[in-house]
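Trainee: coordinates only, sequence not included:
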């Protein structure tokens, strides 16, 4: 005969009773009544399936270089070639995700002054493309393969630039400087971080060239300050793609056809968010990148030939030894514009910059001018 089960402790029965009730503000309410109460609230429009999501923290509105940008995004296998036509207007800047379509910009937002100078004359020879043709095999899509192909077709240009500057190629240390009003982009490099030489000055093909900070999403502005570009790969948008082939590198990109790569900065930084919040803008924008195809609503965009140079030098920078790659974005060349107060007054004459004020812009430019003067006096990391 099976012996009878020992009597259970009274706490067992208390636990069983609790399991038949919801953990709620009414813990003693039995299950059927609690469910009826919940249904009544839903019907009355008071309840719901889940509580409303709180506003995301400011840090979630930006892509940081310490997360996705630090380790390149793994690229899916080779994709089927598709044909796409260039969009009428597009950008990599206006959405929090670099791969999300931005909203269209107004035709005239009053942010661009009429006295934009012509594109800067290039001080480096036009990049010549040699090497693989259409028989070279599949287009590279992985990080290492993309850099290898760039070196095959254009590395001889970069080696010559370095040789003329007395720097070994590939260099160990790299720093980049952009000047918005002059549309100029400088690549500095060296055998160590103790001394850098200017390797090339390239024209910026598309960006916001008007001096002044970026203050909100969709304003089309290019930010100013110190940033740290990191590589990102793959995109669903045409302007992130190019064919790394001599006969096709100048063609406008088509999604899924060729190679997709870019450099993205950590905008907005805390300073950028605080600046925008100070004038009531909760979203300062995001997804500021450097890329090819000469199209922008806030990014720094180049011709495809020039961007392969920017990308290659960025990838050769030894981050583990010299820290993250630095990109200095200036409103203009300070030595040509000594009266910062007058320049700031012009920058603050329209748009969101009016609420920011000329005094705040002048203060930020003073800090950037100090950084510029220190670097020109001793170009180093």
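Mentor: Structure received. This one's a predicted model, so the numbers in the text were calculated from it and none came from an experiment.

Trainee: Need the three-state assignment for residue 202.
Mentor: strand (DSSP: H, G, I helix; E, B strand; the rest coil).

Trainee: just checking, it touches residue 182?
Mentor: No - counting by Cβ atoms under 8 Å, residue 202 stays clear of residue 182, with 11.8 Å between them. Using the backbone N, CA and C atoms, a C-beta is placed for each residue, glycine as well.

Trainee: all helices for the stretch 101-250 of the chain, in order.
Mentor: For the stretch 101-250 of the chain, helices defined by DSSP state H, counting those that start in this stretch occupy the ranges 143-165.

Trainee: so where is it shaky, pLDDT-wise?
Mentor: 101-122, 132-137 (pLDDT under 70).

Trainee: thinking again about what came up before, of residue 202 and residue 182, who's got more company?
Mentor: Per other Cβ atoms under 10 Å, whichever of residue 202 and residue 182 has more neighbours is residue 202, with 25 against 19.

Trainee: Identify the bridge partners of that one.
Mentor: residue 185 (DSSP bridges).

Trainee: do the same with the one 4 residues further on
Mentor: Counting by DSSP bridges, residue 206 forms beta bridges with residue 301.

Trainee: need the contact list for it.
Mentor: Residue 206 makes contacts with 294, 295, 296, 299, 301, as judged by Cβ atoms under 8 Å, 6 or more residues apart in numbering.

Trainee: cool, and residue 165?
Mentor: 189, 197, 198, 199.

Trainee: what about 7 Å?
Mentor: Going by Cβ atoms under 7 Å, 6 or more residues apart in numbering, residue 165 touches 197, 198, 199.

Trainee: For burial, what's the neighbour tally of residue 283?
Mentor: Neighbours of residue 283 (other Cβ under 10 Å): 15.

Trainee: separation between it and residue 272?
Mentor: Residue 283 sits at a distance of 11 Å from residue 272 (criterion: Cβ to Cβ, to the nearest Å).

Trainee: which one is residue 170 nearest to, not counting chain neighbours?
Mentor: Take residue 170 and drop its neighbours on the chain: the residue closest to it by Cβ to Cβ, 6 or more residues apart in numbering is residue 316, 4.0 Å away.

Trainee: thinking that neighbour is in contact with residue 171, fair?
Mentor: Yes - between residue 316 and residue 171 there is a contact at 5.8 Å, judged by Cβ atoms under 7 Å.

Trainee: Give me the more crowded residue out of these two.
Mentor: More crowded of residue 316 and residue 171, by other Cβ under 10 Å: residue 171, with 23 against 19.

Trainee: For the more buried one, give me its contacts.
Mentor: Counted by Cβ under 7 Å, 6+ apart, residue 171 has contacts 162, 189, 190, 191, 316.

Trainee: The nearest residue to residue 283 once chain neighbours are set aside: neighbour count?
Mentor: What sits nearest to residue 283 in space, not counting adjacent residues and going by Cβ to Cβ, 6+ apart, is residue 217, at 4.5 Å. By other Cβ under 10 Å, 22 other residues sit near residue 217.

Trainee: how far away is residue 217 from residue 275?
Mentor: In terms of Cβ to Cβ, residue 217 sits 14 Å off from residue 275.

Trainee: Name whatever forms a beta bridge with residue 179.
Mentor: The partner residues for residue 179, given DSSP bridges, come to residue 184, residue 330.

Trainee: thinking it is in contact with residue 334, fair?
Mentor: No - in this structure, residue 179 is not within contact of residue 334 by Cβ under 7 Å, at 9.3 Å.

Trainee: out of these two, which sits in the more crowded spot?
Mentor: residue 179 (23 against 20).
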